[in-house]
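1. this one's structure only:
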């Protein structure tokens, strides 16, 4: 694999969202999805939550703060929200509980499991890395039918990943997509190594590196290059998703919010990437 110069993606601003949950018409493609991927009847209602948004700055290496247990009050499991802002707040509150070791492990009971036999209504789509240290359901302290998760090494997109995300958006009307990168990403490290050395990776793994290399930040070196590239690539994936033909109209009219975020292993905190 040859070296190449990187082009850095330009992040897009956070998109405002509205309370509309009206579904788009999709013609034959929608009908095909319903036939091929049946069994996803919507269940749930609205949810109003408080709490801060994701941190708006990238984490420092020395950041270690964790909220005290008293700052994360226990709350009974609530129905899934229907707006992106409500969904985002719920993820923030769940991550606060995770960091404070005050997890609620919601919606795991036998009753919930039986209720969900008839259908699902996830409130967020998480595109995450396959890294075993960053399972979205744990990091955000969510339960059954809360999150639809798609995971690939380095959050790399391909047809299967895109199709899975589009199913969640078009058929389940999920209002929020989060592209979730993380500290010390092995896929990003491999891409940076290949770019710097020209070494070859095994078949198929080289595809992953190829997708990340355009985001490499050559303005820094060493570990800083890996971390900066992780952020740049996560933003680039967000931007590509937001521009997809079947997603862009929903972003434009506020029915869908696409954000990028980063999980810091050292602090367990999820930071928003502007």
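-> All right, it came through fine. Because the structure is predicted, anything quoted here is derived from the model rather than measured.
2. per-residue pLDDT, residue 58?
-> At residue 58, the pLDDT value in this model is 56.
3. what does residue 81 give?
-> pLDDT, read off for residue 81, is 83.
4. so where do the helices sit in the stretch 51-200 of the chain?
-> 84-99, 110-115, 136-139, 159-172, 186-197 (DSSP state H, counting those that start in this stretch).
5. mean confidence score for the second one?
-> Per-residue pLDDT values across helix 110-115 average out to 93.
6. Any idea how far it is from the middle of the chain?
-> Taking CA atoms, centre = their mean, to the nearest Å, one finds the center of helix 110-115 at 26 Å from the center of the full chain.
7. Same check on the longest one?
-> When C-alpha coordinates are averaged (CA atoms, centre = their mean), helix 84-99 and its chain have centres 12 Å apart.
8. for it, packing partners?
-> strand 124-128, helix 136-139, strand 176-182, strand 257-264, strand 269-273 (3 or more CB pairs under 8 Å, 6 or more residues apart in numbering; DSSP states H and E). Just so you know, the C-beta spots here come from the backbone N, C-alpha and C atoms, and that holds for glycine as well.
9. how far off helix 84-99 does the last one point, in degrees?
-> An angle of 150 degrees separates the directions of strand 269-273 and helix 84-99 when computed by axes from the mean of the first three to the mean of the last three CA atoms, to 10 degrees.
10. From the contact counts, what lies against strand 269-273?
-> Partner elements for strand 269-273 (3+ CB pairs under 8 Å, 6+ apart): helix 84-99, helix 222-242, strand 257-264.
11. List the strands paired with the shortest one, with their directions.
-> Here the strand partners of strand 257-264, with direction, are listed using DSSP bridges: strand 176-182 (parallel), strand 269-273 (antiparallel).
12. Nearest approach to residue 168 belongs to which of those?
-> strand 176-182 (8.0 Å; CB to CB).
13. And the average pLDDT for that closest one is what?
-> 98.
14. Going by neighbour count, which residues in that strand are buried?
-> 176, 177, 178, 179, 180, 181, 182 (16 or more other CB atoms under 10 Å).
15. what's the answer for stretch 141-161, then?
-> 141-157, 161.
16. per-residue confidence for the nearest residue to residue 84 once chain neighbours are set aside?
-> Take residue 84 and drop its neighbours on the chain: the residue closest to it by CB to CB, 6 or more residues apart in numbering is residue 257, 3.5 Å away. On the pLDDT scale, residue 257 is placed at 97.
17. Quick check: bridge partners of residue 257?
-> Here residue 257 sits in beta bridges with residue 176, going by DSSP bridges.
18. Name the helix or strand for residue 267, please.
-> Under DSSP states H and E, no helix or strand contains residue 267.
19. er, residue 207 actually
-> helix 205-212.
20. Which secondary structure elements does that helix sit against?
-> Helix 205-212 packs on helix 186-197, going by 3+ CB pairs under 8 Å, 6+ apart.
21. pLDDT on the helix it packs on, on average?
-> 97.
22. Give me the residues contacting it.
-> 1, 3-4, 6, 129, 131, 153-154, 156, 181, 199-201, 205-206, 208-210, 212-213, 216, 225-226, 229-230, 233 (CB atoms under 8 Å, 6 or more residues apart in numbering).
23. And that helix, how far out from the chain middle?
-> 22 Å.
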